[in-house]
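A.B. asks: My questions are about this predicted structure, shown below with the sequence.
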Amino acid sequence: MIRLEPRGVPSRSLALAVPVLAALAALGLAAVPLLLAGAPLGKAYAAMAQGALGSRFALTEVLTRATPLILTGLAAAVAFRARLYNIGAEGQLYVGALAAVAAGAGAIDLPAPLLLPVVLGAGALAGAAMMVGPALARVALGADEVVTTLLLNFVVLLLVQMMIEGPMKDPMSMGWPQSEPLVDAATLPRLVETTRLHAGLLVALSAALLLHGLMARTVAGFAIRAVGEAPPAARFAGLPVGITLVAVGALSGALAGLAGAGEVAGVKGFLAADLSPGYGYAGIVVAMLAGLSPLGTVAAALFVAAIFVGADSMSRVVNVPSYIANLIVALSLIAVLVAGLMTRYRLRRAAKPTAGA
């Protein structure tokens, strides 16, 4: 009979190696469906690398796709660290985008240096407000935040659809369901001309650095870690567990809402139902690949973005579905979970019971 035996605290080098090995394992496992699809492996992986890293355009596309993934990854990482399982980043992203459009489509007349922070702040506040409800329900009523946040995603998507087909619909959109565009003063500047890369990347990187500092260097960060590791012990030590969970929920929702505001202000310029291809859900994968590390989230987001961008190129070159990117990301997550289990435990053969025992 086989049993799991705790290994103790894994070394830092092993913890850093796990996501790298998991990514390599996922790329190796992805070879199976590629071969079944009749694609030449060398050409397929070369096309993926070229599509993600082979030109200035490719690199800027990777960074553009990584920007919302960093923010939604941070949203999941900080919540999961406190064992507050926020599965609603997709809805929080959309409600943040909705608030950003409401503030930046001409309703507020401010100069650019003031209007842009208002637009981003409105997105963050809307996302925070959406997550506070499930956090309060968890603390006061014991409601499962996995269920409440997941179901709220669908409520928000229906709300967005109603708004862009009704009160917020652009009268110049030729009947297409989309909001009015943001005014120029409410848009994020381009970092590289003739590309989609925008200053939202700097916002996302700043958020990762600030969250790292919060978690590693402050009393609040210690409280978050303590509540996540052992809530009864944290409560016995006098830490405000309920307040901490609600505050973490607000911070998590704000990061996801900021991602939505950044996509509207930096990429689209308006709100449509296809704003996000699933950034909120992918952010959970990013956080898990990063081991819930704020700085690791940046690297994990870049990896996931490169897979998505490279898979688009690979699908055109070797004629395979671009959904192979979703498969590689899913395999990466599974590999990380398995590798994480193996770093915490070792397999041992249980001793056979002696006769008469």
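C.D. replies: Right, received. Where do you want to start? Residues are numbered from 1 along each chain as shown.
A.B. asks: low-scoring pLDDT stretches of the stretch 1-150 of the chain, where are they?
C.D. replies: 1-2, 4-11, 14-15 (pLDDT under 70).
A.B. asks: all strands for it, in order.
C.D. replies: 2-6 (DSSP state E, counting those that start in this stretch).
A.B. asks: tell me how far stretch 321-340 is from the chain's mean position?
C.D. replies: 15 Å (Cα atoms, centre = their mean, to the nearest Å).
A.B. asks: quick one: Ala49 and Gly310 touch, right?
C.D. replies: Yes - counting by Cβ atoms under 8 Å, Ala49 does reach Gly310; the two are 6.4 Å apart. Where C-beta positions appear, they are placed from N, C-alpha and C, glycine not excepted.
A.B. asks: now Gly249, nearest residue through space, not along the chain?
C.D. replies: In space, and not counting its chain neighbours, Gly249 is closest to Ala135: 3.0 Å by Cβ to Cβ, 6 or more residues apart in numbering.
A.B. asks: And for the one you found, the neighbour number?
C.D. replies: Using other Cβ atoms under 10 Å, Ala135 is surrounded by 28 other residues.
A.B. asks: thinking again about what came up before, between Ala49 and Gly310, which is the more surrounded one?
C.D. replies: Neighbour tally, Ala49 and Gly310, criterion other Cβ under 10 Å: the higher count belongs to Gly310, 27 against 15.
A.B. asks: isn't that one right up against Ala52?
C.D. replies: Yes - if you go by Cβ under 8 Å, Gly310 and Ala52 touch, sitting 3.5 Å apart.
A.B. asks: what touches both of the two?
C.D. replies: With contacts taken as Cβ atoms under 8 Å, 6 or more residues apart in numbering, not a single residue reaches both Gly310 and Ala52.
A.B. asks: For Met168, give me its contacts.
C.D. replies: 98, 101-102, 105, 179-180, 271.
A.B. asks: Mind checking which of those are in helices?
C.D. replies: 98, 101-102 (DSSP state H).
A.B. asks: want to try JSON lines for the residues you listed, with distance to Met288 and neighbour count as columns?
C.D. replies: Formatted as JSON lines, these follow (distance: Cβ to Cβ, whole Å; neighbours: other Cβ atoms under 10 Å):
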{"residue": "Leu98", "distance to Met288": "28", "neighbour count": "26"}
{"residue": "Val101", "distance to Met288": "31", "neighbour count": "31"}
{"residue": "Ala102", "distance to Met288": "33", "neighbour count": "20"}
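A.B. asks: tell me the helices in the stretch 251-357 of the chain, going along the chain?
C.D. replies: 279-289, 294-318, 324-344 (DSSP state H, counting those that start in this stretch).
A.B. asks: and the first one with helix 324-344, angle?
C.D. replies: Translated: helix 279-289. Here the directions of helix 279-289 and helix 324-344 differ by 30 degrees (axes from the mean of the first three to the mean of the last three Cα atoms, to 10 degrees).
A.B. asks: by contact count, what packs against helix 279-289?
C.D. replies: Using 3 or more Cβ pairs under 8 Å, 6 or more residues apart in numbering; DSSP states H and E as the contact criterion, the elements in contact with helix 279-289 are helix 12-29, helix 56-81, helix 89-104, helix 241-263, helix 294-318, helix 324-344.
A.B. asks: Gly280: which of the ones you listed is closest?
C.D. replies: helix 89-104 (2.8 Å; Cβ to Cβ).
A.B. asks: elements contacting the closest one?
C.D. replies: helix 56-81, helix 112-141, helix 145-164, helix 241-263, helix 279-289.
A.B. asks: quick one, which of the helices and strands packed on helix 279-289 is nearest to Gly42?
C.D. replies: With Cβ to Cβ as the yardstick, what comes closest out of the helices and strands packed on helix 279-289 is helix 294-318 (10.1 Å).
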